[in-house]
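**Q** Quick check, what structure comes out for this input:
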Amino acid sequence: MDSIQKFVSDIEKIKKRERASGSGYSGEKAGREVQSLFDRNNKMLGEVSHSISDYWLNTYILASENLSEEPSEKSIQKIAAMQALLDGDDELTGALDKSDWKSLCQIVNVEAEDIPLDSLNSLMSLFVDHQAL
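**A** Numbers count the residues shown, from 1 in each chain. I've put the predicted structure just below:
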């Protein structure tokens, strides 16, 4: 199992645990737990990981017309693609659309000074490849 598969598996566990909580399923609470998972996975990138997960939470979870079904398969694919982006794995970023790429590039630009140089170079290369600059 690669790191992205494990990440998605952990998200499914969060959803399952939230469904079994007995207090009624909350898509917002599950989304916030996924956000925390993402932040922990990327703690070496500091605030940029939280800014990216915050973008995901606000764009794909809190703005959902069916919050009780979140995180949905689509939103899970989005956060997994964002994890792949931070891992430098371009092959697994297919779920990101042009708007995502531009927003993520803006986030990275704002947080650039706090990102390790190797990671920043890798991210900027991917943004150039996807014409997000």
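**Q** Need the outlier residue of the protein, farthest from its centre.
**A** Residue farthest from the centre of the chain, counting by CA atoms, centre = their mean, is residue 22 at 27.1 Å.
**Q** where does that one fall, helix, sheet strand or coil?
**A** coil (DSSP: H, G, I helix; E, B strand; the rest coil).
**Q** For it, grab phi and psi.
**A** Residue 22 adopts backbone torsions of phi 90, psi -10, taken as degrees, to the nearest 10.
**Q** which residues of this protein fall in helices?
**A** 3-19, 27-41, 47-56, 73-87, 98-111, 117-129 (DSSP state H).
**Q** Specify the stretch among those helices that is closest to residue 67.
**A** Nearest of the helices of the chain to residue 67, taken as CB to CB: helix 27-41 at 4.3 Å. In this view, the C-beta of every residue, glycine as well, is placed from N, C-alpha and C.
**Q** Touching that closest one from outside, list them.
**A** 7, 10-11, 14-15, 18, 49-50, 52-54, 56-57, 61-62, 64, 66-71, 75-76, 79, 82-83 (CB atoms under 8 Å, 6 or more residues apart in numbering).
**Q** so where's the chain shaky on pLDDT?
**A** Where the chain drops to pLDDT under 70, the residues are 1.
**Q** check contacts around the residue nearest the centre of it.
**A** Geometric centre of the chain, nearest residue: residue 79, 3.1 Å, by CA atoms, centre = their mean. Neighbouring residues of residue 79 by CB under 8 Å, 6+ apart: 11, 34, 38, 53, 56, 60, 71.
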